[in-house]
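In: Here is a sequence with its predicted model. Questions after.
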Amino acid sequence: MKHTFRTAVLLSLGLLLSPALHAQQAARAAASGTTDDAKMQRFIDDLMRKMTLEEKIGQLNLITVGFDVTGPVVSKDVDVNIRKGAVGGVFNTYTPIAARKLQEMALRETRLHIPLMFGYDVIHGHRTIFPIPLGLSASWDMTAIERSARIAAEESAADGLHWVFSPMVDIARDPRWGRVAEGGGEDPYLGSQIARAMVRGYQGTDLTKNNTVMACLKHFALYGAAEAGRDYNTTDMSLARMYNEYLPPYKAAIEAGVGSVMSSFNEVNGIPATGNKWLLTDLLRQQWGFKGFVVTDYTAINEMVAHGVGNDAQVSAMALNAGADQDMVGEIFLKNVAQNLKDGTVKQEVIDLACRRILEGKYKLGLFKDPYRGVSEKRAKATLMKKEFLDDARDIARKSFVLLKNDKQTLPLKKAGTIALVGPLATRQRDLIGNWSGAGDWKQAISVEQGIRNVAGSAVKIVTAQGANFTDDQQMIDRLNAHGGELNVDKRSAEEMIQEAVKVAQSADVVVAVVGESQGMSGEAASRSDIGLPGPQLELLKALKKTGKPLVVVLMNGRPLTLSWENQNADAILETWFSGTQGGNAIADVLFGGYNPSGKLTATFPQSVGQIPLYYNHKSTGRPFNDQPLDKYKSRYLDITNEPLYPFGFGLSYTTFTYSKPELSTTTLSASGTLDVKVTVKNTGSYDGEEVAQLYIRDVVGSVTRPVRELKSFQKVLLKKGESRTLTFRLTPEDLKFYNNDLQFVAEPGDFQVFVGSNSRDTQEATFTLTGN
């Protein structure tokens, strides 16, 4: 049955690669050149003829090596394995000194002198840290996002790295899942644009250039759909949902030419992704045409035993046969593949193919010609955290901030008077660079307090108070500090800390409360069942509200939060995520009006955790709620509305924008035609500002039910105060396609609605019909 199912899916999709994908694959082939490809294959053929079985298996082994300021800390076993050619790559080692030491060992002391490949978790910057990916996505600025990846590539390459484990493009609709921080939010269209931008930024146009790095698409696949929002947990969904809602960003990265793919921890269709042949071979390679290599996530093959699909030897064979080429840290291949070959559970050609893919990756990076890729301490010193990069980090951070509320124009603040700066995040540096900040040095981050002093100058008096600890849950604090939380607990009582903050607030003209999560409260293995502000921080805000002073809440967090009280009571709320090395300066720029916030949410903020999963592009039920509170038999809650607190695409500005009704170039779109949607956007406020105009569609009647709205295009434009601009969005039948229950990629004739506006909720609409010819 499994074979029949897999074959049926392949047959149904084999002819369904889009014309755009065919064209992109052809372009990639033309760019690489058949001559270059043939040259690479001849080189690798010759090398592999010289390799022993053990050396081939060694290329499939990715190890982690710690290091200190003097270089890598190499254990005896690792030392021996590198020298005998039993290591293909290393991660967690960087800097010119450390990388060169290990590379010299491989080049000078192994039989065939095959270079090592160095990888690292460069997620949102290497040394210069940018906003977390969820924050980057809120910029809706593909140029800025690509620029952040380009800077990360230049710094990584100068620091001895060849390969980065990014971008993470998992669609996530459950903010309890901590790794929502690492992705681009809930929408497949926007996620696809971000995936392409990140791959372009990391890899450039020529991977052999020594200021590029190979990107690694992750986590393949469906990792963001973990049940209950609990990390590493089971996922399960229909193929139609998979193809329409979760797979598009992965596919976009493949189309952009990403060099490597990382398998995910979860299962797909009941089989762990790392051992899933349908996923790693049939879909990824045969249907999508991926030509790079697949690396597992950390010990993912070993963990297949706990999934319940076999012992070490069995899962070794299963993963390799499925299409996993390199084993991260677990050394399952190293210990089992030779015996798998003897047992007949793995064939020689499977081992050879995996080895070839790893060697091809090294060849494409130019490591056989220049294994050091020009790395030196001088180059690193000239590149890492240079002023140009820091300036860009500040600007990109500003673009990521989302203004959630601004009553009575509380913001921007005046550069005068007294500001009470309170909250556990007001003066801290550690949390600004967020989780997965890798080689970033939090001690070089600009705190909010320092940023305000830098921007406001001496004209503003700043009085500070911590006001609260992050949490009063000691068990939580212990867990966070066990993994680099750096949380120092104030021994005063909560009441004493609040009293101090209230006294400070009473002496000020305005209160800026910087609250949220510590960096360790989101990210990997950081799922939370309660995503509101921790109790002591909420109590602090309630006390500050009672002072009657204008209350500005500055949020730092790695996920959507439940903020109903805050939304009702704060005068202004600015979402800043974890904004990176220049975070404090960027936050101050926005608070004082040096930059007008333009970010828009890419993940829905619920009113209550009980609404989760909550996302804008949901389906309609047969009994949709009609906003009549006494109408019982509808899809609704008794205690709250169905609506989110802040919808997808939402974000305010210091100015205001109005939209005209969309005008369509035609109300009938043919199968080979185009339709232009025009809308005039006017800046009706008192500040110059950027607006993200968003276009959504709804397929009114389908052979299968369709979402109530789907993002299909957006434009970010700068409008001076009083300026109007007419924007044109072009739709084609390709934009209307979806996978039906036969997994055919089709655009079905019928009626469509098109919506244009400032977010997924506040739009104006028009209608058109797609014809069958």
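Out: In hand now; what should we look at?

In: What separation do you get for the residue lying closest to residue 178 once chain neighbours are set aside and residue 716?
Out: Spatial nearest neighbour of residue 178, chain neighbours left out: residue 526 (3.3 Å); criterion: C-beta to C-beta, 6 or more residues apart in numbering. Where C-beta positions appear, they are placed from N, C-alpha and C, glycine not excepted. Distance from residue 526 to residue 716, counting by C-beta to C-beta, to the nearest Å: 31 Å.

In: So which of the two has more stuff around it?
Out: Counted by other C-beta atoms under 10 Å, residue 526 and residue 716 do not tie: residue 526 has more neighbours, with 22 against 18.

In: which residues does the more buried one contact?
Out: 178-179, 231, 435, 520, 558 (C-beta atoms under 8 Å, 6 or more residues apart in numbering).

In: Can you report phi and psi for it?
Out: With angles defined as degrees, to the nearest 10, residue 526 sits at phi -130, psi 50.

In: counting contacts, what elements does the helix or strand hosting residue 199 pack onto?
Out: In the assignment (DSSP states H and E), residue 199 maps to helix 188-203. Secondary-structure packing of helix 188-203 (3 or more C-beta pairs under 8 Å, 6 or more residues apart in numbering; DSSP states H and E): helix 133-137, helix 142-158, strand 214-220, helix 248-255, strand 710-719.

In: what about 10 Å?
Out: Judged by 3 or more C-beta pairs under 10 Å, 6 or more residues apart in numbering; DSSP states H and E, helix 188-203 is in contact with helix 133-137, helix 142-158, strand 163-164, strand 214-220, helix 248-255, strand 710-719.

In: show me where the stretch 651-773 of the chain has strands.
Out: Secondary structure of the stretch 651-773 of the chain (DSSP state E, counting those that start in this stretch): strands located at 657-659, 663-664, 668-669, 675-683, 689-699, 710-719, 724-731, 738-739, 745-746, 750-757, 763-770.

In: Then the stretch 401-550 of the chain?
Out: 402-406, 417-422, 460-465, 510-516.

In: Now for the closest residue to residue 271 other than its chain neighbours, how many residues are close by?
Out: Of all residues not flanking residue 271 in the chain, residue 309 sits nearest, at 7.1 Å (C-beta to C-beta, 6+ apart). By the measure other C-beta under 10 Å, the count of residues near residue 309 is 17.

In: Let me know the secondary structure of residue 309.
Out: Here residue 309 is recorded as coil under DSSP: H, G, I helix; E, B strand; the rest coil.

In: Retrieve the pLDDT associated with it.
Out: Looking at residue 309, its pLDDT stands at 98.

In: what do you get for residue 36?
Out: pLDDT for residue 36: 88.

In: Make sure I have this right: it is in a helix.
Out: Yes: under three-state DSSP, residue 36 falls within a helix.

In: any idea how far it is from residue 364?
Out: Distance, residue 36 to residue 364, using C-beta to C-beta: 10 Å.

In: on that earlier part again, dump the strands of the stretch 401-550 of the chain to CSV, plus mean neighbour count and mean pLDDT.
Out: Output for the strands of the stretch 401-550 of the chain, formatted as CSV (neighbours: other C-beta atoms under 10 Å; pLDDT from 0 to 100):
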stretch, mean neighbour count, mean pLDDT
strand 402-406, 22, 98
strand 417-422, 22, 98
strand 460-465, 17, 98
strand 510-516, 27, 98
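
In: Output the ones you listed as TSV; include the columns distance to residue 451.
Out: Listed next are the strands of the stretch 401-550 of the chain as TSV, based on distance: least, C-beta to C-beta, whole Å:
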stretch	distance to residue 451
strand 402-406	17
strand 417-422	10
strand 460-465	11
strand 510-516	11
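
In: closest to residue 448 out of those?
Out: Proximity to residue 448, assessed across the strands of the stretch 401-550 of the chain by C-beta to C-beta, is greatest for strand 510-516 (5.2 Å).

In: Tell me the strands beside that closest one, with direction?
Out: Strand 510-516 pairs in its sheet with strand 417-422 (parallel), strand 551-556 (parallel), by DSSP bridges.

In: The last one: what's the following helix or strand?
Out: Toward the C-terminus, strand 551-556 is succeeded by helix 564-569 as the next helix or strand (DSSP H and E).

In: next SSE after that following helix?
Out: strand 572-575.

In: what is the rounded mean pLDDT of that next one?
Out: Mean pLDDT, strand 572-575: 99.

In: what helices or strands is that strand leaning on?
Out: Using 3+ C-beta pairs under 10 Å, 6+ apart, the elements in contact with strand 572-575 are strand 402-406, strand 510-516, strand 551-556, helix 583-591.

In: looking at these, which is closest to residue 699?
Out: Of all these, strand 402-406 sits nearest to residue 699, with 29.2 Å by C-beta to C-beta.

In: Tell me how far that closest one lies from the chain's centre.
Out: On the basis of C-alpha atoms, centre = their mean, to the nearest Å, strand 402-406 sits 22 Å off its chain's mean C-alpha point.

In: quick one: contacts of it?
Out: 135, 138-139, 411-412, 552-553, 555, 563, 566-577, 590, 596-602, 605, 645-646, 650-654 (C-beta atoms under 10 Å, 6 or more residues apart in numbering).

In: Okay, now the unreliable bits of this structure?
Out: For the chain, the stretches with pLDDT under 70 are 1-35, 67-76.

In: Walk me through the domains of it.
Out: 42-117+347-385, 393-611, 657-770 (automatic domain parsing).

In: most neighbours per residue, which of the ones you listed?
Out: domain 393-611 (a mean of 21; mean count of other C-beta atoms under 10 Å).
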